[in-house]
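Novice: Kindly generate the corresponding structure for this input.
(one chain, ligands or ions: 1)
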Amino acid sequence: MKVELPKLPYEYNALEPVISEEIMRLHHQKHHAAYVKGANAALEKLEKYNKGELEINVREVLRDLSFHMNGHVLHSLFWEIMRPPEDENKPDGKILELIEKSFGSFESFKKLFSASAKQVEGVGWALLVKCPNDNFYVLNIEKHNLMHIAGFKPLLAIDVWEHAYYLQYKNDRGSYVDNWWKVVNWDKVNQLL
Ligand SMILES: [Fe+2]
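Specialist: Have a look, this model is predicted:
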């Protein structure tokens, strides 16, 4: 039942100058690794509880599991849907078709998604998710796990925790979000559909 830290599909410096090598190393090796460790610790406690070997506060452990497991899942998606920067970086194919169906145009979607990312209160994520009838929604996630809608599949995620940008952009989350569009791997997002 354990989860593992996935390898990045590119080198740590591959997203420069949009995201620095230093941020990518720390983010992957320290922050994501900590969520993997936290998720596994919660799973281990639950396993021992199930065998009658450990008494736990079930609510607390399940809260830890939700926080760390979502942290692990969202970071895994975040790494996957990025690639080296391109100035003119736009989606095509099925993903574009469904974005236009749900939001009117790619520009409208980009405006909504960017606003969601910039307005996350404290730390969290903006997500593009697909619901079972193929409609798309933009979500605004606090921490890793609050304000989710169950059953909606995340296709695109931007991490707006400070650890994702502060070393390079300081408190200017807006510039980080605006630059981030250059590193979205739309081919991968199309595959995830
Ligand atoms: Fe992160």
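Novice: how many other residues sit next to the residue in the chain that the ion sits nearest to?
Specialist: Across the chain, the shortest distance to the ion (Cβ to the ion) belongs to Asp159, at 4.1 Å. Any C-beta I mention is one placed from the backbone N, CA and C, and that applies to glycine too. As a burial measure, Asp159 scores 28 neighbours (other Cβ atoms under 10 Å).
Novice: mind listing the strands for the chain?
Specialist: 124-130, 136-142, 153-159 (DSSP state E).
Novice: Any idea which of these gets closest to Leu15?
Specialist: strand 153-159 (12.4 Å; Cβ to Cβ).
Novice: buried ones in the helix ranked longest in the chain?
Specialist: Longest helix in the chain, counting residues (DSSP state H): helix 58-80. The neighbour-count check on helix 58-80 (16 or more other Cβ atoms under 10 Å) flags 61, 64-80 as buried.
Novice: Could you name the helices and strands sitting against that helix?
Specialist: Other helices and strands packing on helix 58-80, by 3 or more Cβ pairs under 8 Å, 6 or more residues apart in numbering; DSSP states H and E, are helix 33-50, strand 153-159.
Novice: Redo those as CSV? Include mean pLDDT.
Specialist: Formatted as CSV, the helices and strands packed on helix 58-80 follow (pLDDT from 0 to 100):
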stretch, mean pLDDT
helix 33-50, 98
strand 153-159, 97
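Novice: any idea which of these is most buried?
Specialist: Neighbour counts (mean count of other Cβ atoms under 10 Å) averaged over each of the helices and strands packed on helix 58-80 peak at strand 153-159, with a mean of 23.
Novice: So what are the sheet partners of it and their directions?
Specialist: strand 124-130 (antiparallel) (DSSP bridges).
Novice: what does this structure put close to the ion?
Specialist: Contacts of the chain with the ion, taken as Cβ under 5 Å from the ion, map to Asp159, Trp161.
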